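Q: give me a 3D structure for the following:
(2 chains)
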There are 2 protein chains.
Amino acid sequence: MNAPAPTIPATAAPLPAPKDPHLRKLANCIRFLSMDAVQKAKSGHPGAPMGMADIATVLFREFLNFDAADPHWVDRDRFVLSNGHASMLLYSLLYLTGYKDMTIDQLERFRQAGSKTAGHPEYRHADGIELTTGPLGQGIADSVGMALGERILNAEFGDDLVNHYTYVFMGDGCLMEGISQEAISFAGHLKLGHIIAFWDNNSITIDGSTRLSVSDNEVERFRASGWHVQEIDGHDTDAIREAIKVAQSVKDQPSMIACKTIIGFGFPTRAGTQKAHSDAPGEDEIAGARQRLDWDSPPFVIPEDLLNDWRQTGSRGSAARTAWAERVKSAPDGIRQEFERRTAGKLPDNWKQAILDAKKEFVEGGKDLASRQASGSVLNHLFAAIPELLGGSADLTPSNNTKATNQVEIKPGEYKGSYIHYGVREHGMGAAMNGLVLHGGLVPYGGTFMCFSDYNRPAIRLSALMQIRTIFVMTHDSIGLGEDGPTHQPVEHLAALRAIPNLGVYRPADAIETAECWELILDQPRRAALIALSRQPLPLLRKDATSENKSARGGYVLLEADGERRLTLFSTGSEVQLAVKARDILQQEGVPTAVVSMPCRLLFEEQDAAYKRSVLGKTKARVAVEAAVELGWERYIGFDGRFVGMHGFGESGKIADVYAKFGITVDAVVDAARDVVRAVEG
Amino acid sequence: MNAPAPTIPATAAPLPAPKDPHLRKLANCIRFLSMDAVQKAKSGHPGAPMGMADIATVLFREFLNFDAADPHWVDRDRFVLSNGHASMLLYSLLYLTGYKDMTIDQLERFRQAGSKTAGHPEYRHADGIELTTGPLGQGIADSVGMALGERILNAEFGDDLVNHYTYVFMGDGCLMEGISQEAISFAGHLKLGHIIAFWDNNSITIDGSTRLSVSDNEVERFRASGWHVQEIDGHDTDAIREAIKVAQSVKDQPSMIACKTIIGFGFPTRAGTQKAHSDAPGEDEIAGARQRLDWDSPPFVIPEDLLNDWRQTGSRGSAARTAWAERVKSAPDGIRQEFERRTAGKLPDNWKQAILDAKKEFVEGGKDLASRQASGSVLNHLFAAIPELLGGSADLTPSNNTKATNQVEIKPGEYKGSYIHYGVREHGMGAAMNGLVLHGGLVPYGGTFMCFSDYNRPAIRLSALMQIRTIFVMTHDSIGLGEDGPTHQPVEHLAALRAIPNLGVYRPADAIETAECWELILDQPRRAALIALSRQPLPLLRKDATSENKSARGGYVLLEADGERRLTLFSTGSEVQLAVKARDILQQEGVPTAVVSMPCRLLFEEQDAAYKRSVLGKTKARVAVEAAVELGWERYIGFDGRFVGMHGFGESGKIADVYAKFGITVDAVVDAARDVVRAVEG
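A: Presented below is the predicted three-dimensional model:
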């Protein structure tokens, strides 16, 4: 770290006199709510809230443009607590500034089941929690997406309607995570001037001094990525104020303010040590803090004058919000309506026509298309219909087919556009997309190879947990990737992704299903989505270009048996064609065979029992075929079933060769089918 | 990027005259083998091999200490191709320098099924491939582990036995990946002087110019992390030579040499453009390159004089290797034997006694222990027995119980020790551990919370793919983590990890099983391992402190039914105690019930059918209980079975409260059991 770790008095020496005693008192409100809540819960992290209380006080009281009475005000400044373990800092601020659902009772129930005050801030638990944070580094990376979203909407709707800052608190842990580099590199490249990040430079992590594990010069690192950086004493309220003013004046660079702080500021013995980081401090330590900070209010009680002052902070932005609402109202009709529609998260009325048009194009064209190509065609239609769609790829644009015709690229300082070159930053892309969704007004999707879903998995998980519609486009979705070999061939990824709750994993079998999957993804704003697409061409299995979405039930009978069903073949994506061909052979052999396509397991599981039974069929003669590991297919094929798929990692080679090598062929499906029919029918 | 992108002549202007025409010719051997192989395969990446050929030539010919006749020479310099898509660079070098199994036939079969020349270098495919690379950033991060391993062994065995360099080639993509920051930050902190990395600064990625997506000053970034940095023209062989000498002279800093190169150097129209990056160049382009580089040899034929020169490079290290072997031979007996044992990857003869001792301690103690605590105790025993064990944690040492008593910490410049503070760098830790294993002589394990297995998943995958024994210690393995809430509570992770081929996922039910799982992990040197450990105390379910390892078959009958089995309860880890208690109740109700503990699904699947049948039992009345998603349990419980576990994300709260909230209780197991018995028995 840049500055030496602070020397902490072993005994409770007097604290340095505050620059502004009143601000110190206001900050102490945060400190005591935080330590008292952690003490009551007997767990939590008091150190960072106490260390960052002065910064938070100046930021909220003098700069943050918000109105506690209208937490969803579209043009509010965003506040992101990237060091989410410092959650009591946020909860304290929400209570103090008067957010209605953050009551003192909630603070007293910190970290208890059923409360709004989870161990880490959880999106949707309470107003004012802009996002879920806790997994380190995600917050700063989401913030970059938020700040980018602000600039994109600003470019479209102008300063009158969109013009705000994204403020971020982050700790040493956030900066040690690799994702932080992807995020700051991306933000610096794009010259995002409306993000201001505060580094809680307290020189302490769980293991002890940061000197145990890190020696980076963070200031120089941020500068190397194009950030404007200042270094201040994080307890000097004058310095904090001046630094924020300077940061705001810097227009074409993101800003980082390195704040030297004392973790657990106010604790008599734990301040400045890792003991302040986590766990309940104990009654003695808290009593000592009360003495040192001259605080005689009982736990969870804020003196009235201080609370009143904080509540004024909570309503300080009311006038600005009203003025903004007036500007919206007086905007030209078309613009106002579009702005309101977009920011309300409502898609245009007729967007589904684009899906239908794409389907018609596929049926009329009648060509074999890789599902990634079909996806590209769907996007061409969607882009004309949904202006808030925002594309991108982690440096695989030509492979992912993520860029529609005529899509304008977003560049440093030029934010009018709808396509983003995320660079080789899968993780940063995933988090930035989360931030873009959270900001509102945009519907981002981003592509990479499916194998690298491993790289952005922590961001995928958070999108599912936050119940937001972040769209991950994952091409080259099996050994069908071919020559790049096992490092690039997903094998376990479908199972691993299907395991994530609230993530819709879609694997369309042809162009028609691809269009349907896109429709389903866009139709579910509270569900994260991942679409797995083939590298290799796929035959068109369906010719029905209607508005009916057969994929909507997750799994459906693509081809019913000709005769009473004696066998069911289950499949997804590029392997459905194998099942279809196998069915031809089996029907000829006198085995009436149904083919079930299951583009989305999650949606299938949500269907009623009768529908599921009708799809699964009565016969226990079942074969599943998927170029991936079996895990999960047992649910449908049972003890008697057979599985044709992968049993280990892939291999570099031509597509046909690797499919043959691993025995994922029509013949193999037919053999497995004969075998299972024999066994089941005895 | 630092330097402006090179201006590329639109027409095939003459190339700058080489500093050393002979070296240029040697480099051209790499260039033509690479472009001809890519052309023959009709896929691959010619640009980087052609751009880095001059650097590789100087490095291999004048510096790299290796002997193609003995690829496993312990004290060889390591060469890592982090930009693994440039695989033809490595394969060309291995062929040219005379590695026996890298024949010209293999180069001609580049990227074909069954060849040693996969699309990306695959560890174990051929000698001289030190590791699998391809997923960007992994190579540089593994290298840091290799370089650290070298220093640790050097500290123990001295310069005479261990004293070599790790050289790394890396591309723009490697540096954009977040893992690169974790790696360079970690290497800089530790002052690793024996790693020298070459950045192929060619300003091109798949999407086009790097200016589309990145503006970092990489030189300043590396300096901010404590690296020594030089900037050179990557085609100036004099400059390359001088830079390597300077880098070697820097003793207490890692070195980065930023090499300005032209991607596809020699191509007439594609050089310096993204068209050179991937795909077959076409016959015309290759013909043009032959003309420009004055090369008239047919494809896959290297002129004899040049091949002879390269072969001399391949045997250049022979004398050094012989001298080293002599030094080993003349080392004092105890040291020599220990060194040979360690570097052969053989554990000490009596190490299993440590497992037995730990078991005895647990049975004698008789206390409830969290499995993370039990694991800590096992490690205390193991450390006394296995000096090559090397512990660490990604800043969760006190929570992961990864540090044994008296374990000495490795510090910057002080490498005699066995514990590493990896910092908040889960991904970097995973990759560094892979590098430590690949280096040889050490058995690393590293801890974090299981939820953050998502952060190091790409490294976990590579350990499984490479078939190396990297050990991931994952504590707080369920909602039993409690108050930290859903961001920190793994739910889908067990299923997602079990999906990875060749990864042993262990979830012990008590202290005895914890000891057994450690034994199994250490006993399988070709298998990656992950041990999932509880935060909360677990009762001791077994009292048999013998050398028999019941966990060795992956799943076993912990308690057989008293009477003819009518029900089987399956479980793992912290939930086995629920199954045991439920069994008591069910037995009292007259339902003879067996409890199966399944600490490792992978090992269970490898058992013969008869054993599996004996464990699974005949009755279809089956209940699985695990505080995680169901995915995968269907394999054992079938259509009739019941599952007690998670169906979505967790919640912040006290352990007992969250278990109760999600219905993972003894009562729930009993209810499910009654239900399934009723249904199955009609």
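Q: and A:Phe60, how close does it get to chain B?
A: 24 Å (Cβ to the nearest Cβ, to the nearest Å). In this view, the C-beta of every residue, glycine as well, is placed from N, C-alpha and C.
Q: ok, now A:Asn401?
A: Distance from A:Asn401 to chain B, by Cβ to the nearest Cβ: 13 Å.
Q: quick one, strands of the stretch 101-250 of chain A?
A: Secondary structure of the stretch 101-250 of chain A (DSSP state E, counting those that start in this stretch): strands located at A:166-170, A:195-201, A:204-205, A:208-209, A:228-233.
Q: report the rounded mean pLDDT for the fourth one.
A: This predicted structure assigns strand A:208-209 an average pLDDT of 90.
Q: please apply the same query to the second one.
A: Strand A:195-201 shows a mean pLDDT of 98.
Q: show me what that strand is packed up against.
A: Counting contacts by 3 or more Cβ pairs under 8 Å, 6 or more residues apart in numbering or on different chains; DSSP states H and E, strand A:195-201 packs against helix A:47-58, helix A:138-157, strand A:166-170, helix A:172-176, helix A:237-249, strand A:255-260.
Q: could you redo the strands of the stretch 101-250 of chain A as CSV and give each row mean neighbour count?
A: Below are the strands of the stretch 101-250 of chain A laid out as CSV (neighbours: other Cβ atoms under 10 Å in any protein chain shown):
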stretch, mean neighbour count
strand A:166-170, 28
strand A:195-201, 28
strand A:204-205, 26
strand A:208-209, 17
strand A:228-233, 19
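Q: looking at those, which is nearest to B:Val669?
A: The closest of those to B:Val669 is strand A:204-205. By Cβ to Cβ, the value is 39.6 Å.
Q: returning to what we had before: redo the helices and strands packed on strand A:195-201 as CSV? Include mean pLDDT and distance to chain B.
A: Conversion of those to CSV gives the following (pLDDT from 0 to 100; distance: least, Cβ to the nearest Cβ, whole Å):
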stretch, mean pLDDT, distance to chain B
helix A:47-58, 98, 14
helix A:138-157, 98, 9
strand A:166-170, 98, 12
helix A:172-176, 97, 4
helix A:237-249, 98, 19
strand A:255-260, 98, 13
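Q: with distance to B:Arg527 added, can I get these in a markdown table?
A: Output for these, formatted as a markdown table (distance: least, Cβ to Cβ, whole Å):
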| stretch | distance to B:Arg527 |
| --- | --- |
| helix A:47-58 | 40 |
| helix A:138-157 | 31 |
| strand A:166-170 | 38 |
| helix A:172-176 | 30 |
| helix A:237-249 | 51 |
| strand A:255-260 | 43 |
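Q: quick one: closest of the ones you listed to B:Leu494.
A: helix A:138-157 (21.9 Å).
Q: and the closest one, what does it pack against?
A: Counting by 3+ Cβ pairs under 8 Å, 6+ apart, helix A:138-157 packs on strand A:78-81, strand A:166-170, helix A:178-190, strand A:195-201, helix A:333-343, helix A:426-439, helix A:457-466.
Q: do the third one and chain B meet?
A: Yes: counting by Cβ under 8 Å from any Cβ of the partner chain, chain B has neighbours in helix A:178-190: A:178-182, A:185-186, A:188-189.
Q: so which of the helices and strands packed on strand A:195-201 comes closest to A:Gln274?
A: Comparing the helices and strands packed on strand A:195-201 by Cβ to Cβ, helix A:47-58 comes nearest, at 8.3 Å.
Q: could I have the CA atoms of that closest one written out in PDB?
A: In PDB, the C-alpha atoms belonging to helix A:47-58 read as follows (Å, rounded to 0.1, in the frame of the first residue of the first chain):
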ATOM      1  CA  GLY A  47     -14.600  -1.900  11.500                       C
ATOM      2  CA  ALA A  48     -15.300  -0.500   8.000                       C
ATOM      3  CA  PRO A  49     -18.500   1.400   8.900                       C
ATOM      4  CA  MET A  50     -16.700   3.100  11.800                       C
ATOM      5  CA  GLY A  51     -13.700   3.800   9.500                       C
ATOM      6  CA  MET A  52     -15.700   5.200   6.600                       C
ATOM      7  CA  ALA A  53     -18.300   7.100   8.700                       C
ATOM      8  CA  ASP A  54     -16.700  10.500   8.200                       C
ATOM      9  CA  ILE A  55     -16.500  10.000   4.400                       C
ATOM     10  CA  ALA A  56     -20.100   8.800   4.300                       C
ATOM     11  CA  THR A  57     -21.300  11.700   6.400                       C
ATOM     12  CA  VAL A  58     -19.800  14.400   4.100                       C
END
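Q: how much space separates A:Met462 from B:Arg457?
A: If you look again at residue A:462, you'll see it is Leu, not Met. 15 Å (Cβ to Cβ, to the nearest Å).
Q: other SSEs contacting the helix or strand containing A:Val623?
A: Assigned by DSSP states H and E, A:Val623 belongs to strand A:622-626. Here strand A:622-626 touches strand A:567-571, helix A:576-588, helix A:634-637, strand A:642-645, helix A:666-681, going by 3+ Cβ pairs under 8 Å, 6+ apart.
Q: can you list contacts of the first one?
A: It stands for strand A:567-571. A:509, A:555, A:561, A:578-579, A:582-583, A:586, A:591-598, A:616-617, A:619, A:621-626, A:633, A:636-637, A:669, A:673, A:676-677 (Cβ atoms under 8 Å, 6 or more residues apart in numbering or on different chains).
Q: each with direction, which strands does the helix or strand of chain A with the lowest mean pLDDT pair with?
A: Least confident element among the helices and strands of chain A, by mean pLDDT, DSSP states H and E: strand A:204-205 (a mean of 88). Using DSSP bridges, strand A:204-205 pairs in its sheet with strand A:208-209 (antiparallel).
Q: can I get the helices and strands packed on strand A:622-626 in JSON lines with mean pLDDT and mean neighbour count?
A: Shown next, in JSON lines, are those (pLDDT from 0 to 100; neighbours: other Cβ atoms under 10 Å in any protein chain shown):
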{"stretch": "strand A:567-571", "mean pLDDT": "98", "mean neighbour count": "28"}
{"stretch": "helix A:576-588", "mean pLDDT": "98", "mean neighbour count": "21"}
{"stretch": "helix A:634-637", "mean pLDDT": "97", "mean neighbour count": "22"}
{"stretch": "strand A:642-645", "mean pLDDT": "98", "mean neighbour count": "23"}
{"stretch": "helix A:666-681", "mean pLDDT": "97", "mean neighbour count": "18"}
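Q: list the contacts for A:Gly173?
A: Contacts of A:Gly173 by Cβ under 8 Å, 6+ apart are A:83, A:136-137, A:205, B:395, B:424.
Q: can you get me a residue count around A:Lys42?
A: 11 (other Cβ atoms under 10 Å in any protein chain shown).
Q: how much space between it and A:Arg111?
A: In terms of Cβ to Cβ, A:Lys42 sits 9 Å off from A:Arg111.
Q: tally of neighbours for A:Thr487?
A: Quick note: A:Thr487 (other Cβ under 10 Å) scores 26 neighbours.
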